[in-house]
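[1] what follows is a predicted protein model with its sequence.
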Amino acid sequence: MNGSAALLKCTGIRKAFPKPDGGELLVLEGMDLEIHEGEIIGLLGRSGSGKSTLLRLIAGLAEPSAGELSYLGQPIYGPAPGIAMVFQSFALFPWLTVYENVALGLEAQRMPKAEIRKRSLAAIDLIGLDGFESAYPRELSGGMRQRVGFARALVVHPNILLMDEPFSALDVLTAETLRTDFLDLWSEGRMPIKGVVLVTHNIEEAVLMCDRILVFGSNPGRILSEIKVALPQPRNRLDPSFRDQVERIYVEMTARPTGSAAVGRQERFPGLGIGSVLPPVSSNAQAGLIEAVAAPPFNGKADLPEIASDLQMEIDELFPVAETLQMMRFAELEGGDLKITDDGLAFAHADQDERKRIFRRHLLAYVPLAAHIRRVLDERTSHSARKTRFIDELEDFMGEEDAEHTLRAVVHWGRYAEAFAYDDGNEVFSLENPS
């Protein structure tokens, strides 16, 4: 980090939302961050880690529950002139032309019409849309619509540009072109911005674009580690140094917590208790990842970056499946590697009936909620129980939405394993079908 005064400073930021039962949902805790001139900062983590919430706080679109936010030394109490945002969705007004969408922010500032026209046309030209000023969003491709979003943010000449997964809604080739164009404009100093904050869950994108990467943990969101990327631009994905940086981030994100950090992270690890939030990972996804890693060229053990590249999966897709396999003891996950256990290998090579038997044994042994449901059904004369019986228990530990998702995950796994049945129409669990 350079020695200049910070463009933006976040100190002890905490954000919680009220829950219907009078409690609170803690989203961010102890968030400290500085942004200096000339930096692209990446906020990297899985969905639900509070990255976008932090971006909204910085933009002045929401207020922190505790802590201080300052821009150029002044507290942020609302949308600050000099901070602009590019969203994941294109967020354009469909009834306005490209020019009108870009000019809108300047018109809100009551700028003279001549200046609005000059700056809007310059921004449209800068972002590569010269000639499309009179086009409507429906006439543009996804990549072109996102370029309009960039032009609309840049036209106000912000000091800080906030980007909330701006490339994730685009196809691979379009996203790569737009990233490259953005980095070219940034490195050439042609954009009127001094610092960038990029929210992403794409590890390669973070290494490709950022000078510093902040790895977020979840429940609540907090910074687990900071990784500096000293590679010169333009960066080559095939360069060994680039691959080393990607590997390091995977290692950071799969490291076993130690010390005080272990407490917060272990509580959210799926399957450690009946009150743990479970990910919505299907049995098909689990079987698919087991099969992929058990087969050549991995033969039972693989680096997560290799798996992600081979299967074209991002961390929001790969990590929940890998962690579920670890919870079910079908795999071990640590140091950026996924190793299939002996039972996982047996599953990979078994026929369908044997797979169900193996899965049922592991489900009832390592997922306490599934074992609890089966035990209740076994003990009751009717061998049945209403959904509310378990939802009420889960809501002692988690919010209503998490309880619903957790029970839904267990229903899916229980059905696949034939450990119990569930009638969604009557919302009743039973032993009607299981062997």
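    Yep, it's here. Numbering: from 1, shown residues only.
[2] contacts and neighbour counts: CA atoms only from here.
    Fine.
[3] longest helix in the chain, please.
    helix 400-417 (DSSP state H).
[4] buried residues in that one, which are they?
    By neighbour count on 16 or more other CA atoms under 10 Å, the buried set for helix 400-417 is 400, 402-404, 406-407, 409-417.
[5] one more: stretch 221-235?
    Here stretch 221-235 shows 221-224, 227, 229 as buried, counting by 16+ other CA under 10 Å.
[6] follow-up on the earlier one: so which elements touch the longest helix of the chain?
    Contacts defined by 3 or more CA pairs under 8 Å, 6 or more residues apart in numbering; DSSP states H and E place helix 400-417 against helix 283-294, helix 352-366, helix 368-379, helix 387-394, strand 421-423.
[7] who's in contact with it?
    By CA atoms under 8 Å, 6 or more residues apart in numbering, the residues outside helix 400-417 that reach it are 277-283, 356-357, 359-360, 363, 369-370, 390-391, 394-395, 420-422.
[8] in helices, which of the buried residues of stretch 221-235 fall?
    Counting by DSSP H, no part of those is found in helices.
[9] quick check: PyMOL command selecting the buried ones in the contacts of helix 400-417.
    Selection of buried members from the contacts of helix 400-417 for PyMOL, criterion 16+ other CA under 10 Å:
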select buried, resi 277+278+279+280+281+282+283+356+357+359+360+363+369+370+390+391+394+395+420+421+422
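[10] check contacts around E34.
    Per CA under 8 Å, 6+ apart, neighbours of E34: 6-10.
[11] kindly recompute the last result at 6 Å.
    The contact partners of E34, taken as CA atoms under 6 Å, 6 or more residues apart in numbering, are 8-9.
[12] any idea how far G73 is from it?
    In this structure, E34 lies at 11 Å from G73, with CA to CA, to the nearest Å as the measure.
[13] what of L185?
    28 Å.
[14] quick one on the thing from earlier: ok, the buried residues of stretch 221-235 vs A331, which is closest?
    L224 (23.8 Å; CA to CA).
[15] mean pLDDT added to the helices and strands packed on helix 400-417, as JSON lines?
    Shown next, in JSON lines, are the helices and strands packed on helix 400-417 (pLDDT from 0 to 100):
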{"stretch": "helix 283-294", "mean pLDDT": "90"}
{"stretch": "helix 352-366", "mean pLDDT": "91"}
{"stretch": "helix 368-379", "mean pLDDT": "90"}
{"stretch": "helix 387-394", "mean pLDDT": "87"}
{"stretch": "strand 421-423", "mean pLDDT": "91"}
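[16] redo those as TSV? Include distance to L325.
    Below are the helices and strands packed on helix 400-417 laid out as TSV (distance: least, CA to CA, whole Å):
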stretch	distance to L325
helix 283-294	7
helix 352-366	10
helix 368-379	15
helix 387-394	22
strand 421-423	22
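[17] nearest to S134, out of those?
    Across those, closest to S134 is helix 283-294 (CA to CA), at 45.8 Å.
[18] identify each buried residue in that closest one, please.
    283, 285-287, 289-294.
[19] what does stretch 78-94 give?
    So, applying 16+ other CA under 10 Å, buried residues of stretch 78-94: 80, 82-90, 92.
[20] just give me the least confident of those.
    The member of these with the lowest pLDDT is F90, at 68.
[21] re earlier: between the buried residues of helix 400-417, which sits nearest V27?
    For the buried residues of helix 400-417, the nearest to V27 is D402 (13.8 Å; CA to CA).
[22] what about the closest one, distance to S141?
    For D402, the distance to S141 - CA to CA - is 36 Å.
[23] do the same with G335
    Distance from G335 to S141, by CA to CA: 40 Å.
[24] more crowded one of these two?
    G335 (17 against 12; other CA atoms under 10 Å).
[25] what's the pLDDT at the closest residue to that one other than its chain neighbours?
    Excluding the flanking residues, the one nearest G335 by CA to CA, 6 or more residues apart in numbering is V251, at 4.4 Å. Model confidence at V251, expressed as pLDDT, equals 77.
[26] SS state for V251?
    Three-state call for V251 (DSSP: H, G, I helix; E, B strand; the rest coil): helix.
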